[in-house]
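Undergrad: Pasting a predicted model and its sequence here:
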Amino acid sequence: GDGLRVFRCWKFLMLFYRASGHTNYAMEALHLLCQYKYLLPERLAEQLICERFVNTQGSPGANIPSDLHMEHLNRMCKDALSNLGANKTPKAIERVGKALGPLHDFLQHFDKITEVHTGGSSHTTLSESLDLQKIVEELKKNNVCDFIPGRAHQSFPKYTCNPYKSLNKRKLKTWMQTKFNTFLHTSHMNR
């Protein structure tokens, strides 16, 4: 799935947040990484990765974020409840809740056997070669890849090419060790 790829992104994001002064985001990113690598038992660490995505289609490349899947289920639930009209009782709502899983499976199977295409999220890919060629020609013409001392974009006068340049490795290591010890202490206290 996409869980490990997302965790690789979090490693870079943690450094980026720390370098840009977003210490709370950096700390949360570090906490997530420490949970996966050191703090959680193996089974929970695996769940931390795998439960971020759901593959409702059962085919490669069809992962969607778990929260988006939950939104889809909420929409289906709201649609089913709106059909109750004035008959909304706690018992009827409970019945709808219990029927959502089988209803979802039934609707997908029905769409499959009747060959109904629901639109999906995959798009047809058009040839990008001509567009890409035009962009490359424009970039070459304007020498955008050439280093020109003092050149800066007026909207980003203080932007550096390396967002990690401001990181002090020694301070970063000390910060990470301190936070790790804090995470370790609080995880033992919660057991």
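TA: Great, that's in hand. These numbers come from a predicted model, not from an experiment.

Undergrad: Show me the shaky parts of this structure.
TA: Counting by pLDDT under 70, the chain has low-confidence residues at 1, 117-126, 188-191.

Undergrad: Is the closest residue to residue 69 other than its chain neighbours bridged to anything, and to what?
TA: Of all residues not flanking residue 69 in the chain, residue 54 sits nearest, at 4.3 Å (C-beta to C-beta, 6 or more residues apart in numbering). For glycine as for every other residue, the C-beta is placed from the backbone atoms N, C-alpha and C. Listed by DSSP bridges, the beta-bridge partners for residue 54 are residue 64.

Undergrad: which residues in this protein form helices?
TA: Along the chain, counting by DSSP state H, helices occupy 3-19, 23-34, 42-50, 66-82, 90-113, 129-141, 169-189.

Undergrad: Distance to residue 150 added to those helices, as CSV?
TA: What follows is the helices of the chain, written out as CSV (distance: least, C-beta to C-beta, whole Å):
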stretch, distance to residue 150
helix 3-19, 23
helix 23-34, 31
helix 42-50, 45
helix 66-82, 45
helix 90-113, 59
helix 129-141, 20
helix 169-189, 28
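
Undergrad: was I right about residue 164 contacting residue 14?
TA: No. Using C-beta atoms under 8 Å, residue 164 is not in contact with residue 14, being 10.9 Å away.

Undergrad: Those two: who's more crowded?
TA: Neighbours per residue, other C-beta atoms under 10 Å: of residue 164 and residue 14, the larger number sits with residue 14, 21 against 14.

Undergrad: neighbours around the residue nearest to that one when sequence neighbours are not counted, how many?
TA: Nearest non-adjacent residue to residue 14, counting by C-beta to C-beta, 6+ apart: residue 29, 3.6 Å away. Number of residues near residue 29 (other C-beta under 10 Å) recorded here: 21.
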